[in-house]
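Engineer: Got a predicted structure here, sequence first:
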Amino acid sequence: MKDLQATSPSTKNVKGYVLRRSPRAMVKIPVVIKGVDKHGFEFEEDTETYIVSKFGARIFSIHELDEDARLQLKVPPTDQWSDFRVVWIGRQEEDAIGHIGIEFIQTTNFFGVIFPGEDWA
């Protein structure tokens, strides 16, 4: 198929659209993130999700982060932290400055969102 080009093992382009490896849900969930910013300063920040999936989320941060940075996230009021890495950083020209895409190191149903036909095992 000529219009279908693999861009990574988990995404494909079809006429300018990206087919994702799992469904997305636009949902705001209060979260806390912590880690070390690109300047070497430790931080802990209250923020929220914009989009969640089985594999990660899109969140907002006031801190400057590098792609592939390792951070932690929890959903209050629990004290359970989950490790994730930064896979995308929004740019001003995308009108997404401060937005970051995160991918969980270990996939679980961390946010408690159920997608039709999804098996979290």
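Structural biologist: Great, that's in hand. Numbering: from 1, shown residues only.

Engineer: Tell me the buried residues in stretch 26-43?
Structural biologist: 29, 31, 33, 35, 37 (16 or more other CB atoms under 10 Å). For every residue, glycine as well, the C-beta is placed using N, CA and C.

Engineer: List the contacts of the first one.
Structural biologist: Going back to what we said before, that points to residue 29. Residue 29 sits next to 48-49, 52, 75, 111 when contact means CB atoms under 8 Å, 6 or more residues apart in numbering.

Engineer: Which of those residues fall within strands?
Structural biologist: 48-49, 52 (DSSP state E).

Engineer: Quick one: buried ones out of the residues you listed?
Structural biologist: By neighbour count, with 16+ other CB under 10 Å, the ones in strands among the contacts of residue 29 hold 49, 52 as buried.

Engineer: Specify which member of the ones in strands among the contacts of residue 29 is nearest to residue 97.
Structural biologist: residue 48 (16.4 Å; CB to CB).

Engineer: Residue 32 - nearest residue in space that isn't next to it in sequence?
Structural biologist: Spatial nearest neighbour of residue 32, chain neighbours left out: residue 74 (5.1 Å); criterion: CB to CB, 6 or more residues apart in numbering.
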